[in-house]
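J.: Sequence first, predicted coordinates after that:
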Amino acid sequence: SQTIHQWPATLVQPVGSPLSLECTVEGTSNPNLYWYRQAAGRGLQLLFYSVGIGQISSEVPQNLSASRPQDRQFILSSKKLLLSDSGFYLCAWSVLQGRETQYFGPGTRLLVL
Amino acid sequence: AQSVTQLDSHVSVSEGTPVLLRCNYSSSYSPSLFWYVQHPNKGLQLLLKYTSAATLVKGINGFEAEFKKSETSFHLTKPSAHMSDAAEYFCVVSDLSNTGKLIFGQGTTLQVKP
């Protein structure tokens, strides 16, 4: 069966520090991968998605970047965190394309102070 | 363009009473529709999915949803609420591109009172 992992589970970082959040998927090949942010009291905002290694699409301009160095690894990064980067970050995967269910990881709670 | 509207930001029910969470969608084509649940500080879990088969979709934990094309609705129901159902619920539509992107409603917080 397929599983999705995210780490760390929680993170407290000072403003201006770098960020690296990791997401890995097991049990499937060539998944579509997604990064979402959920701010307090808000819905989910799609940040990035990837349909293959090295292929990243950004949905919104921001202080963050994403990379996909391996088929089942998706990394969310920042060189300098802002206070507004605080939130709950969720990684998700889906198979094939279009209309398919997305399966979500457990999330990373990021607090920037 | 695809969109979803969750008509209630908060719903409060008593344990053992029915649950109704309302969702309307907008789509140029026959959509794929989902309901996800999120417990506090957890990821999202798929409750059920509609993909143009049966209009009444049964999901996990006793939830079900009915696709009504004439009303462009996909409301989530459960006959009897449990305390463990207290969570955030998201109605979601899949866009029609090959990216598999999902479009989320703003969410409905379900409170279950003892």
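T.: Okay, I see it.

J.: Any residues of chain A in contact with chain B? List them.
T.: For chain A, the residues in contact with chain B (CB under 8 Å from any CB of the partner chain) are A:6, A:32, A:34, A:42-44, A:46, A:49, A:51, A:57, A:88, A:90, A:92, A:94, A:96-107, A:109. In short, each C-beta sits where N, CA and C put it, glycine included.

J.: And stretch A:69-89, end to end?
T.: Taking CA to CA, to the nearest Å as the measure, stretch A:69-89 stretches 19 Å from start to finish.

J.: anything in the helix or strand bottoming out on mean pLDDT in chain B near chain A?
T.: Here the helix or strand of chain B ranked lowest by mean pLDDT, DSSP states H and E is strand B:102-104, holding a mean of 88. Yes - judged by CB under 8 Å from any CB, strand B:102-104 and chain A are in contact via B:102, B:104.

J.: which helices and strands does the following helix or strand past that strand pack with?
T.: Downstream of strand B:102-104, the first helix or strand assigned by DSSP states H and E is strand B:108-113. Strand B:108-113 sits against strand B:10-14, strand B:19-21, strand B:87-94, with contacts defined as 3 or more CB pairs under 8 Å, 6 or more residues apart in numbering or on different chains; DSSP states H and E.

J.: For residue A:79, which of those is the nearest?
T.: Nearest to residue A:79 among these is strand B:87-94 (31.4 Å), distances taken as CB to CB.

J.: who does that closest one touch, helix- and strand-wise?
T.: Contact analysis of strand B:87-94 by 3+ CB pairs under 8 Å, 6+ apart lists strand B:3-6, strand B:23-26, strand B:33-38, strand B:73-78, strand B:102-104, strand B:108-113 as its packing neighbours.

J.: Buried residues, the fourth one. List them.
T.: Using 16 or more other CB atoms under 10 Å in any protein chain shown as the burial criterion, the residues of strand B:73-78 that qualify are B:73-76, B:78.

J.: ditto for the last one
T.: Judged by neighbour count using 16+ other CB under 10 Å, the buried positions of strand B:108-113 are B:108-110, B:112.

J.: which intervals of chain A have sub-threshold pLDDT?
T.: A:41, A:96-99 (pLDDT under 70).
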